[in-house]
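A.B. asks: After the sequence you'll find the predicted model.
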Amino acid sequence: MKNDRAHQLPSASDQRLTGFVLRVTLVAALGGLLFGYDTAVISGAIQFLTGHFQLSPAGTGWAASCALAGCVAGSAAAGTIGDVLGRRMVLLLAAVLFLISALGTAMASSFPLFIAFRILAGAGVGAASIASPVYIAEMAPPRWRGWLVGTNQFAIVSGMLLIYFVNYRIVRLGSEAWNEANGWRWMFASGALPALTLLALLMTIPETPRFLRARGRRAEAARIAEKIGDAAISLDYIPETGAVRHRGEGLSLLRKPMAGLVLIGLTLAVLQQITGINVFLYYAPEIFRALGSGTSTAMLETVVLGAVNLGFTLVAMFTVDHLGRKPLLMIGACGMGCCLIATGIASLRQGYPGWVLAAVLGYIACFALSVGPVTWIVLSEIFPIRIRARSVATASLALWTANFLVSQTFPMMNSSALLQHHFRRAFPFFLYAVFCLAEVIFVWKWIPETKNRTLEEIAGAWAVQHAGSGSRQVS
């Protein structure tokens, strides 16, 4: 980073939010909407899939989590593609995968064929989970970056709420038998429309200037940077890939100081998942039914859950650039842990305590206010340009692996013969609460504050601190 030019950087108050930046952000965030739509569609379909294909508890877990195996593969491939071909290309590939998988799962004639298309959908989700926040972060002025990257998480939960409502409407179109035979197919088929919309709109946006500059395409980068406004100044701080290699600077994620930085990002990503969020997002109707709700009521309660998720994500978008990343992460994880303990206690009791819905919604609110959006914001900020896509891909790979393990094991823990009947329903919630405590400690010790700093300032500060201190705490 060229400190002798630091005085040229615009102050936070001078940074403008242009119409061009808003437009490309909204298009890229549609990748997040498909992310949420495709991952949450299983929540309404899982009951009917289980009956249609006569699945065991392990088979039910596989039906819910198989897409996450695709997410692992998609995020692994997207990192390399993103650093070589660009962030926009990854989004285009994700849109194609979304479209094919929506139609394929709807028409699947067997369980293995259904699984194959769900894994394909997961590959699209994994790719979008990297490309959308990275694309937005590289287009955003520092003052607005948290808010703009937060629009991706807002789009994710919007997609979840949308499919919760679609699932609810489809369930009410026919009987249990009709839903078991055909209703779940319409749930998956509905994803084709947003996928086509994303594919069309991606044709109207350019590649990021930071990627173009890093690849030596200076004229193209300058034209796009001019449309962004004050963020264009940061192009002076971006090294071209060839120049970096010529100086012999390491590009490996396993070399210092990058290895420590990648490990921190990886841990943060894993903690987002093992605190249990996707158990509620994927199995919400099943959880509500187990606590005493009927099928229609459970689906409606899931819609309410999605609305809370959406509302508090919106709150996070408007607070993250003022309160900062670190305080939100710690406060949110504390709240999640308390609500998980309350949900576990409710699961130990007979009947349906009136406050259990409040506990579940409180958990969702705390996640949406903090750990959900802020994790992705931090991951999009902390890595240098030359390894950003691969580093986010590595963290996302760990995130989706953890998501897969949590989603696969939840129904198995609920039916485990090793635990007493009532305790087996409560045990997962108590376990996830322990991980919430671990997140609070980790964030307090290792995650720095990054608000109102350019991506190049953040990357430079991390490199200096880690090179000089090894495993020392970063504050």
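C.D. replies: That came through, no problem. All figures in this text were calculated on a predicted structure; none of them were measured in a lab.

A.B. asks: Now name the helix or strand holding the residue nearest to the spatial centre of the chain.
C.D. replies: Nearest to the mean C-alpha position of the chain, by CA atoms, centre = their mean, lies S129 at 5.6 Å. Using DSSP states H and E, S129 maps to helix 111-139.

A.B. asks: Need the mean per-residue confidence for whatever helix or strand comes next after that helix.
C.D. replies: Beyond helix 111-139 in the direction of the C-terminus, DSSP H and E gives the next helix or strand as helix 145-171. Regarding helix 145-171, the rounded mean pLDDT is 86.

A.B. asks: Can you name every helix or strand that helix 145-171 contacts?
C.D. replies: The contact analysis (3 or more CB pairs under 8 Å, 6 or more residues apart in numbering; DSSP states H and E) places helix 145-171 against helix 19-53, helix 111-139, helix 184-189, helix 295-323, helix 371-381. Placement of C-beta: from N, CA and C, glycine included.

A.B. asks: Name the residues of the second one that are buried.
C.D. replies: Of the residues in helix 111-139, those scored as buried under the neighbour-count criterion (16 or more other CB atoms under 10 Å) are 111, 114-139.

A.B. asks: that older thread, excluding its backbone neighbours, what's nearest the residue nearest to the centre of the chain?
C.D. replies: Distances taken as CB to CB, 6 or more residues apart in numbering put S396 closest to S129, at 5.3 Å, once the chain neighbours are dropped.

A.B. asks: That neighbour is in what secondary structure piece?
C.D. replies: Assigned by DSSP H and E, S396 belongs to helix 388-414.

A.B. asks: what's the angle from that helix to helix 371-381?
C.D. replies: 150 degrees (axes from the mean of the first three to the mean of the last three CA atoms, to 10 degrees).

A.B. asks: Let me know the angle separating helix 388-414 from helix 19-53.
C.D. replies: Taking the same axes, to 10 degrees, one finds that helix 388-414 is oriented at 30 degrees with respect to helix 19-53.

A.B. asks: hmm, back to that, what's the spacing between the residue nearest to S129 and L22?
C.D. replies: As judged by CB to CB, to the nearest Å, S396 and L22 stand 25 Å apart.

A.B. asks: same check, this time on A181
C.D. replies: For A181, the distance to L22 - CB to CB - is 44 Å.

A.B. asks: Assess the claim that A342 and A359 are in contact.
C.D. replies: Yes: proximity of A342 to A359 meets the contact threshold set by CB atoms under 8 Å, at 3.9 Å.

A.B. asks: The residue lying closest to L455 once chain neighbours are set aside - how many residues pack around it?
C.D. replies: Counting by CB to CB, 6+ apart, L455 lies nearest to E381, which is 6.2 Å off, once chain neighbours are set aside. By other CB atoms under 10 Å, 26 other residues sit near E381.

A.B. asks: May I have the residues that are in contact with E381?
C.D. replies: Contact partners of E381, counting by CB atoms under 8 Å, 6 or more residues apart in numbering, are A137, R145, V149, T450, L455, I458.

A.B. asks: just those residues now: which is nearest L405?
C.D. replies: V149 (26.4 Å; CB to CB).

A.B. asks: correct me, but the closest one touches T375?
C.D. replies: No: using CB under 8 Å, V149 makes no contact with T375, being 10.7 Å away.

A.B. asks: Looking at the two, which one has more neighbours?
C.D. replies: Higher neighbour count among V149 and T375: V149, with 32 against 27, using other CB under 10 Å.

A.B. asks: Looking at S396 and L22, which one has more neighbours?
C.D. replies: The neighbour comparison of S396 against L22 (other CB under 10 Å) goes to S396, with 29 against 14.

A.B. asks: measure that one to N403 for me?
C.D. replies: Counting by CB to CB, the gap from S396 to N403 is 10 Å.

A.B. asks: got any residues that touch both of these two?
C.D. replies: C71.

A.B. asks: Torsion angles phi and psi at N452?
C.D. replies: N452 adopts backbone torsions of phi 60, psi 30, taken as degrees, to the nearest 10.

A.B. asks: neighbours of it, just the number please.
C.D. replies: Should you count by other CB under 10 Å, N452 turns out to have 17 residues around it.

A.B. asks: What pLDDT is listed against it?
C.D. replies: For N452, the pLDDT comes out at 74.

A.B. asks: how close does it sit to I458?
C.D. replies: As judged by CB to CB, N452 and I458 stand 10 Å apart.

A.B. asks: likewise A346?
C.D. replies: 42 Å.

A.B. asks: and T80, what element?
C.D. replies: Using DSSP H and E, T80 sits within helix 57-84.

A.B. asks: who does the next helix or strand after that helix touch, helix- and strand-wise?
C.D. replies: Note on helix 57-84: by DSSP H and E, the next helix or strand toward the C-terminus is helix 87-107. Applying 3+ CB pairs under 8 Å, 6+ apart, we find helix 87-107 packed against helix 19-53, helix 57-84, helix 111-139, helix 184-189, helix 192-202.

A.B. asks: out of the ones you listed, deepest packed?
C.D. replies: When you average the neighbours per residue for each of these (mean count of other CB atoms under 10 Å), helix 111-139 leads with a mean of 27.

A.B. asks: the inter-axis angle of that helix versus helix 388-414?
C.D. replies: For helix 111-139 against helix 388-414, the angle between stretch directions is 140 degrees (the same axes, to 10 degrees).

A.B. asks: how big is the angle separating helix 111-139 from helix 87-107?
C.D. replies: Put simply, helix 111-139 runs at 160 degrees to helix 87-107, going by the same axes, to 10 degrees.

A.B. asks: Would you mind checking the average pLDDT for helix 111-139?
C.D. replies: 90.

A.B. asks: got it, and stretch 197-213?
C.D. replies: 91.

A.B. asks: what distance separates that stretch from the centre of its chain?
C.D. replies: Centroid displacement of stretch 197-213 relative to its chain, using CA atoms, centre = their mean, to the nearest Å, is 20 Å.

A.B. asks: ditto for stretch 45-57
C.D. replies: Mean-position distance between stretch 45-57 and its chain equals 26 Å (CA atoms, centre = their mean).

A.B. asks: ok, residues contacting that stretch?
C.D. replies: With CB under 8 Å, 6+ apart as the test, stretch 45-57 has contacts from 42, 59-60, 62-64, 111, 114, 167, 176, 179-181, 183-184, 187-188, 282-283, 285-286, 295, 411-412, 414-415.

A.B. asks: got the contacts of E381 as TSV, with distance to I264 columns?
C.D. replies: Converted to TSV, the contacts of E381 look like this (distance: CB to CB, whole Å):
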residue	distance to I264
A137	17
R145	19
V149	18
T450	12
L455	16
I458	13
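
A.B. asks: Taking these together, which two end up most distant?
C.D. replies: Pairwise distances across these peak at 12.9 Å for V149 and I458 (criterion: CB to CB).

A.B. asks: Tell me which of the helices and strands packed on helix 87-107 lies nearest to L305.
C.D. replies: Nearest of these (CB to CB): helix 19-53, 9.4 Å.

A.B. asks: ok and that closest one relative to helix 145-171, angle-wise?
C.D. replies: Interaxial angle of helix 19-53 relative to helix 145-171 (the same axes, to 10 degrees): 30 degrees.

A.B. asks: Cheers, nothing more for now.
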